[in-house]
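*Asks:* Coordinates for the following, if possible.
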Amino acid sequence: MNANPRQVRLLDVVRADGTASVEQLADKLQVSLQTVRRDVQRLAEAKLLTRFHGGVSVPGSTIENIAHRQRENLNAAGKARIAHTVATCVPNGCSLILNIGTTTEAVAKALLHHKGLRVITNNLNVAAILSANTDCEVIVTGGVVRARDRGIVGEAAVAFIKQFRVDIAVIGISGIEADGSLRDFDYREVTVSQTIIGQARQVWLAADHSKFNRPAMVELAQLHNIQRLFTDEPPPEPFPELLAQAQVQCDVAGL
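*Replies:* Now for the predicted structure:
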């Protein structure tokens, strides 16, 4: 499904609280109970929410991410704004690493008119997108391809990336928790992303507002391991202070 802004906000509320009743959602979103019930039904059919008597919760919690196709559609407009902002900051003629994720795939689309890029990726979707840019050299890691999202993981990917030192790594993650940790679901993916961070002169995190306060099982890094955060809405508390303490530049797309 293509979630509309109200439905994205509904998901954000449920993720922040863990669970929510229909009445609570109607109050927070300032809409009718009927509207909430209709949105909840659509989101549950898309497996973005789990319904129980009197309320809803987020499926998978800390151990499993939602499907790639669902993530592509979730807050697609916000991801596109983030991608445009990232692309305006990427100079022509530089080297990049893009990791797994629908936000980095949006960044790849926004880089289609750049010139002289050399891009390393463990994401076959990114490689397919950027192969349309004839002025961009795309290098794909070795490793195991995950069928669900065409991401490449494993020790072969780690060893391959260690050969390079790039100007900028643009990474996506599944969640940013209130302790300042950047988190994801698959430890094999995390291992590759940690290597990417170690092989970049600058690390830029591209994460839409739904990633704040979203739990995931495996710690990838801390905020102080990145230099810039690109997001689509001003971060909620306590993140402004955490970003200031970590000396991370925050770029809010559209502001």
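*Asks:* For stretch 201-216, measure first residue to last.
*Replies:* One end of stretch 201-216 sits 26 Å from the other (C-alpha to C-alpha, to the nearest Å).
*Asks:* Same check on stretch 130-140?
*Replies:* Start-to-end span of stretch 130-140 (C-alpha to C-alpha) is 11 Å.
*Asks:* Check which residues of that stretch are buried.
*Replies:* For stretch 130-140, a neighbour-count test (16 or more other C-beta atoms under 10 Å) marks 130, 133, 136, 138, 140 as buried. C-beta: built from backbone N, CA, C; applies to glycine.
*Asks:* Quick check: which helices or strands does whichever strand or helix holds the fourth one pack against?
*Replies:* Counting by DSSP states H and E, the element that carries Val138 is strand 136-140. With contacts defined as 3 or more C-beta pairs under 8 Å, 6 or more residues apart in numbering; DSSP states H and E, the secondary structure elements packing on strand 136-140 are strand 117-121, helix 124-130.
*Asks:* can we see that at 10 Å?
*Replies:* Secondary-structure packing of strand 136-140 (3 or more C-beta pairs under 10 Å, 6 or more residues apart in numbering; DSSP states H and E): strand 95-98, strand 117-121, helix 124-130, helix 155-161.
*Asks:* Which among those is found nearest to Arg228?
*Replies:* Within the helices and strands packed on strand 136-140, the stretch nearest Arg228 is strand 95-98; the backing value is 13.5 Å (C-beta to C-beta).
*Asks:* With only the CA atoms kept, save the closest one in CSV.
*Replies:* Output of strand 95-98 as CSV, limited to C-alpha atoms (Å, rounded to 0.1, in the frame of the first residue of the first chain):
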residue,chain,number,x,y,z
SER,A,95,33.8,8.2,-4.2
LEU,A,96,30.9,6.8,-2.2
ILE,A,97,29.6,3.7,-0.5
LEU,A,98,25.8,3.1,-0.3
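*Asks:* What mean pLDDT does that strand get?
*Replies:* Mean per-residue pLDDT for strand 95-98: 98.
*Asks:* partners of that strand in the sheet?
*Replies:* When sheet partners are counted by DSSP bridges, strand 95-98 sits next to strand 117-121 (parallel), strand 166-171 (parallel).
*Asks:* Let me know the next secondary structure element after the strand holding Val138.
*Replies:* Using DSSP H and E, the helix or strand that follows strand 136-140 in sequence is strand 144-145.
*Asks:* how distant is that next one from the center of its chain?
*Replies:* Put simply, strand 144-145 sits 20 Å off its chain's centre (C-alpha atoms, centre = their mean, to the nearest Å).
*Asks:* again with stretch 78-91
*Replies:* Centroid separation for stretch 78-91 versus its chain: 13 Å, with C-alpha atoms, centre = their mean.
*Asks:* Tell me which of the strands paired with strand 95-98 sits nearest to Gly154.
*Replies:* Closest approach to Gly154 among the strands paired with strand 95-98 (C-beta to C-beta): strand 117-121, 14.7 Å.
*Asks:* Give the buried residues for the closest one.
*Replies:* Residues 117-121 are the ones in strand 117-121 that count as buried (16+ other C-beta under 10 Å).
*Asks:* Many thanks, have a good one.
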